[in-house]
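**Student:** Generate a structure from the sequence data that follows.
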Amino acid sequence: ADPDRDREAVTALNALFGTAGGVAGFVSVFVVASTFAFAVAQRRREFGLLRTAGATPGQIRRTVVAEALLVGVLASAAGCALGAYAAPHLASRVVADGLAPAWFTIGDHVWPYHLAFWTGLLVALCGVLAASWRAGRTAPTEA
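**Tutor:** The predicted model follows:
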């Protein structure tokens, strides 16, 4: 075992997975934002009917954000469950391909799951902000 080579391999893995995580985060924000924008555009008549019935723009915005919060919680929990299953397989794959030292394994730490869950929820909420403002501006005449 060569400690310097192992240190370089782990540093390269950190860079690889960090870059992949950053790209995945940005793509997620844009996908969530465009999906909610499309959903709000499809539901304009529904929001117009709610406004005609007396709903305020703030109530409409809160409804759309609450939907994003519910979906974000479920998606983040599902992502953490899938990550717990897939992470050991990924670790064995990078070791088998020679990208990581033979001693590289996935530990039993809890903080990565907290980070992933709350990041997923934050991504969902950031992605829905613009769509919620647009939904809140729906006029009652658009019913």
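
**Student:** Not counting its neighbours along the chain, what's nearest the residue nearest the centre of the chain?
**Tutor:** The residue lying closest to the centre of the chain (C-alpha atoms, centre = their mean) is residue 120, at 3.2 Å. Counting by C-beta to C-beta, 6 or more residues apart in numbering, residue 120 lies nearest to residue 76, which is 3.5 Å off, once chain neighbours are set aside. Bear in mind the C-beta positions are built from the backbone N, C-alpha and C, glycine included.

**Student:** element containing that neighbour?
**Tutor:** helix 57-96 (DSSP states H and E).

**Student:** helices or strands next to that helix in the packing?
**Tutor:** Counting contacts by 3 or more C-beta pairs under 8 Å, 6 or more residues apart in numbering; DSSP states H and E, helix 57-96 packs against helix 3-42, helix 44-52, helix 111-136.

**Student:** Enumerate every residue touching residue 54.
**Tutor:** By C-beta atoms under 8 Å, 6 or more residues apart in numbering, no residues touch residue 54.

**Student:** From residue 34, how far off is residue 44?
**Tutor:** Noted for residue 44: a distance of 16 Å to residue 34, by C-beta to C-beta, to the nearest Å.

**Student:** Kindly give the local confidence score, pLDDT, for residue 26.
**Tutor:** pLDDT, residue 26: 88.

**Student:** Give me the neighbour count for it.
**Tutor:** Neighbour count for residue 26, taken as other C-beta atoms under 10 Å: 11.

**Student:** And for the one 4 residues further on?
**Tutor:** Around residue 30 sit 11 other residues, with neighbours defined as other C-beta under 10 Å.

**Student:** what do you get for residue 140?
**Tutor:** 14.

**Student:** can you check residue 135 too?
**Tutor:** The burial count for residue 135: 27, using other C-beta under 10 Å.

**Student:** Surely it and residue 59 touch.
**Tutor:** No - under the criterion of C-beta atoms under 8 Å, residue 135 makes no contact with residue 59, lying 10.3 Å away.

**Student:** sorry, back to before: relative to residue 97, which of the helices and strands packed on helix 57-96 is closest?
**Tutor:** With C-beta to C-beta as the measure, helix 3-42 is the member of the helices and strands packed on helix 57-96 nearest residue 97 (11.1 Å).
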